[in-house]
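Enquirer: Okay, here's the prediction I keep looking at, along with the sequence it came from:
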Amino acid sequence: IVFHPGLDLQRQIYNSPFDFFPKGTQQSAIHYNSLTKEKELIAYNTVSPYGWTTFITQNETQAFQSRATKIKNNLLIGILVTFVFLLLLVGLFYILLKNQRIQDELRAKMKAETANKAKSDFVANMSHEIRTPLNAILGYTDYLLEKTADKEIKGHLIRINKSGQTLLSLINNILELSKIESGAINLEMNSIHLQTLVNETLDMVQERANKKQLELTAKIDPLLSDIYFHSDHYKLERVLLNLLNNAVKFTPKGSVNLLVKKEIDGQDVENLVFEVHDTGIGIPLQKQSLLFKPFSQLDSSSAKKYEGTGLGLSISKEIIKLLGGDIHVYSVENQGSKFTFKIPLVLSSPPTETPKKKTTVIRNLSHLNILLVDDSDENRTLVMVYLKDSPYIIDTALNGEEAVKKCKDKIYDIVLMDIQMPVLDGFEATKQIREWEKSQNLPQVPIVALTAYALKEEQNKCIEVGCTSHMAKPITKRELLELIGQLTGIKRS
């Protein structure tokens with residue numbers, strides 16, 4: 001079929017016999033282009049037997065296909081870009097959400113740490129404020145017990161002393177629990193002789209057991225009796241004392257036994273196992289879950305028979321956790337209890353003995369010059385009462401500033417320094433005294449920090465600023481005299 005150029009192509013098609021194809025028929029024909037002298041494929045689609053016939057050429061078809069391909073590719077690219085954008089948007093939202101959560105957690109952590117620190121500081125300050133008058137109560141009671149011969153008065157004084165000691169124990173427990181909860185407690189690992197640890201602990205409980213006519217025994221695996229192991233001596237002893245004292249307290253008759261053995265767990269790790277058995281009143285099963293919670297007591301009623309604050313076992317559990325172990329209880333009511341705890345067994349060598357320093361004993365101990373520094377009239381008077389029967393010469397200062405001045409004006413054999421004082425505290429006063437001694441090329445006078453701060457951190461701080469030793473209030477006459485004798489017999493450097 002030849003279509004003539006210049007004529008109405010649609011009319012030619014309209015008048016062509018192809019108009020008579022049925023509706024919807026798709027056909028193709030060869031069109032000879034007389035201008036280009038080329039054949040072109042005509043593709044057409046009849047619309048109706050008597051209507052217009054639409055058509056496109058092969059070139060147009062290829063162009064349409066090319067545009068369709070581009071549109072398709074562009075559409076795919078658009079979809080891909082949109083997907084990546086949405087993915088980035090979701091990722092950005094997730095990062096922002098995660099950062100917000102992290103910030104919230106950090107704020108909550110900082111808030112909790114601030115609250116813990118505030119609580120710890122409050123407890124430490126309250127401990128200081130309670131220890132200061134308690135120092136006078138226990139100190140004067142001690143002194144009067146020593147001086148009186150009247151049995152009735154002596155009995156009253158013993159009760160006062162016992163009550164004071166109970167209050168002191170409560171303060172120490174609350175202070176230690178506060179340190180544990182705030183994460184401020186540190187371990188002081190050292191080499192411990194197992195047999196010595198057990199013997200010393202039993203000695204501290206023996207008197208109470210004897211008063212109740214209880215049999216108190218200890219049995220150590222023969223293979224362990226002479227070993228040294230690595231742990232925190234003070235804290236381990238504290239746990240053993242808590243368990244043994246509780247066993248004695250809740251055992252009206254029978255025995256309390258300590259058993260020490262070695263155990264290897266499923267991972268071939270050696271553990272040191274301590275078991276405290278008693279024949280006491282036992283613990284009801286439904287109340288055993290309360291044992292290791294702070295301030296929890298099996299009998300919290302107003303008519304309870306046994307005294308206590310409910311802190312000992314909770315502190316013991318936290319200490320054992322710090323040491324890398326755990327603690328459990330097995331008990332039958334009216335038959336007795338067994339408390340078991342284990343810690344990793346790390347063998348160590350015996351501690352090397354530090355060679356003793358050469359000492360120069362002061363010949364005339366009866367004329368020691370002592371400087372007593374304390375802003376509390378009660379505490380100054382108490383120390384002077386302790387030293388009343390000694391021939392020591394005692395000067396007093398009410399604050400650190402007076403102490404520094406007196407140390408510059410006179411040479412003392414020992415300084416008893418309170419820490420919390422007005423004008424100039426004991427820390428700064430000790431620093432200034434040490435600096436002055438150094439500038440004058442003078443030997444260091446022993447300075448004893450007599451403070452109501454009982455935290456280990458405070459003790460370490462006292463040593464860091466230059467104090468020779470530390471004594472936490474309340475102090476006893478015997479302890480004070482022993483320390484004075486010890487320090488005044490040491491060559492000062």
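Expert: Looks like it came in fine.
Enquirer: use CA for all of it now, contacts and neighbours both
Expert: Noted.
Enquirer: In stretch 401-420, which residues are buried?
Expert: Buried residues in stretch 401-420, counted by 16 or more other C-alpha atoms under 10 Å: 401, 403-404, 406-407, 412-420.
Enquirer: Give me the distance between the two termini of it.
Expert: The straight-line separation of the ends of stretch 401-420 (C-alpha to C-alpha, to the nearest Å) is 13 Å.
Enquirer: Kindly format the C-alpha coordinates of stretch 230-237 as PDB.
Expert: Extracted in PDB, the C-alpha atoms of stretch 230-237 (Å, rounded to 0.1, in the frame of the first residue of the first chain):
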ATOM      1  CA  HIS A 230      43.800 -13.500  99.300                       C
ATOM      2  CA  SER A 231      40.800 -11.600 100.500                       C
ATOM      3  CA  ASP A 232      39.600  -8.600 102.600                       C
ATOM      4  CA  HIS A 233      40.400  -9.600 106.200                       C
ATOM      5  CA  TYR A 234      38.300  -6.900 107.900                       C
ATOM      6  CA  LYS A 235      35.200  -7.500 105.800                       C
ATOM      7  CA  LEU A 236      35.400 -11.300 105.900                       C
ATOM      8  CA  GLU A 237      35.800 -11.100 109.700                       C
END
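Enquirer: out of the buried residues of stretch 401-420, who's nearest residue 320?
Expert: Using C-alpha to C-alpha, residue 419 comes nearest to residue 320 of these, at 32.7 Å.
Enquirer: how about residue 330, secondary structure?
Expert: The three-state assignment at residue 330 reads strand, by DSSP: H, G, I helix; E, B strand; the rest coil.
Enquirer: Hmm, residue 338 and it touching each other?
Expert: Yes - judged on C-alpha atoms under 8 Å, residue 330 makes contact with residue 338 at a distance of 5.2 Å.
Enquirer: quick one, which of the two is more surrounded?
Expert: It is residue 338, of residue 330 and residue 338, that has more neighbours when counted by other C-alpha atoms under 10 Å, with 20 against 14.
Enquirer: Secondary structure element for the more buried one, which one?
Expert: Element membership of residue 338, judged by DSSP states H and E, is strand 336-344.
Enquirer: Contacts for that strand, please.
Expert: Strand 336-344 is touched from outside by 243, 251, 269-283, 320, 323-331, with contacts defined as C-alpha atoms under 8 Å, 6 or more residues apart in numbering.
Enquirer: who's in contact with residue 433?
Expert: Counting by C-alpha under 8 Å, 6+ apart, residue 433 makes contact with 404, 407.
Enquirer: So what's the gap between the longest helix seen in the chain and the chain middle?
Expert: Across the chain, the longest stretch assigned as helix under DSSP state H is helix 58-147. Relative to the mean C-alpha coordinate of its chain, helix 58-147 is positioned 21 Å out (C-alpha atoms, centre = their mean, to the nearest Å).
Enquirer: how much space between residue 264 and residue 193?
Expert: 20 Å.
Enquirer: Between those two, tell me which one has more neighbours.
Expert: Using other C-alpha under 10 Å as the criterion, residue 264 and residue 193 rank with residue 193 on top: 20 against 13.
Enquirer: ok, and the closest non-adjacent residue to that one?
Expert: The shortest distance from residue 193 to any non-neighbouring residue, by C-alpha to C-alpha, 6 or more residues apart in numbering, is to residue 228 (4.5 Å).
Enquirer: Ramachandran angles for that neighbour?
Expert: With angles defined as degrees, to the nearest 10, residue 228 sits at phi -110, psi 140.
Enquirer: Report the buried residues of stretch 208-221.
Expert: By neighbour count on 16+ other C-alpha under 10 Å, the buried set for stretch 208-221 is 209, 214, 216, 220.
Enquirer: Sort out for me which of the residues you listed are in helices.
Expert: residue 209.
Enquirer: low-confidence ranges in the stretch 351-493 of the chain?
Expert: Scanning the stretch 351-493 of the chain for pLDDT under 70 picks out the ranges 353-366, 454-455, 490-493.
Enquirer: So which of the contacts of strand 336-344 sit within strands?
Expert: Of the positions in those, 270-278, 326-331 sit in strands, assigned by DSSP state E.
Enquirer: where's the dip in pLDDT among those?
Expert: Among the ones in strands among the contacts of strand 336-344, residue 270 has the lowest pLDDT, at 89.
Enquirer: Counting neighbours, what do you get for that one?
Expert: Using other C-alpha under 10 Å, the number of residues around residue 270 comes to 17.
Enquirer: doesn't residue 261 make contact with it?
Expert: No - using C-alpha under 8 Å, residue 270 is not in contact with residue 261; the gap is 10.5 Å.
Enquirer: now the closest residue in space to residue 123 that isn't next to it in sequence: how far from residue 121?
Expert: In this structure, residue 123 finds its nearest non-sequential neighbour in residue 175, 6.3 Å apart by C-alpha to C-alpha, 6+ apart. Using C-alpha to C-alpha, residue 175 is found at 10 Å from residue 121.
Enquirer: of the two, who's got more company?
Expert: Using other C-alpha under 10 Å as the criterion, residue 175 and residue 121 rank with residue 175 on top: 21 against 15.
Enquirer: Name the helix or strand for that one, please.
Expert: helix 151-181.
Enquirer: if you average pLDDT over that helix, what comes out?
Expert: Computed over helix 151-181, the average pLDDT equals 82.
Enquirer: Who are the packing partners of it?
Expert: When contacts are defined as 3 or more C-alpha pairs under 8 Å, 6 or more residues apart in numbering; DSSP states H and E, helix 151-181 packs onto helix 58-147, helix 312-322.
Enquirer: between the ones you listed, which gets nearest to residue 483?
Expert: With C-alpha to C-alpha as the measure, helix 58-147 is the member of the helices and strands packed on helix 151-181 nearest residue 483 (16.3 Å).
Enquirer: That closest one to helix 151-181, inter-axis angle?
Expert: Relative orientation of helix 58-147 versus helix 151-181 (axes from the mean of the first three to the mean of the last three C-alpha atoms, to 10 degrees): 170 degrees.
Enquirer: partners of the strand holding residue 338 in the sheet?
Expert: Counting by DSSP bridges, the strands paired with strand 336-344 are strand 270-278 (antiparallel), strand 326-332 (antiparallel).
Enquirer: In a markdown table: these, plus distance to residue 82.
Expert: Formatted as a markdown table, these follow (distance: least, C-alpha to C-alpha, whole Å):
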| stretch | distance to residue 82 |
| --- | --- |
| strand 270-278 | 61 |
| strand 326-332 | 57 |
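Enquirer: most neighbours per residue, which of the ones you listed?
Expert: Ranked by mean neighbour count under mean count of other C-alpha atoms under 10 Å, the strands paired with strand 336-344 are led by strand 270-278, which reaches a mean of 21.
Enquirer: what residues does that one touch?
Expert: Under the contact criterion C-alpha under 8 Å, 6+ apart, strand 270-278 has outside partners 243-244, 247-248, 251, 254-265, 336-345.
Enquirer: just the buried members of the residues you listed?
Expert: The neighbour count (16+ other C-alpha under 10 Å) marks 243-244, 247-248, 251, 255-263, 336-345 as buried among those.
Enquirer: All set now, cheers.
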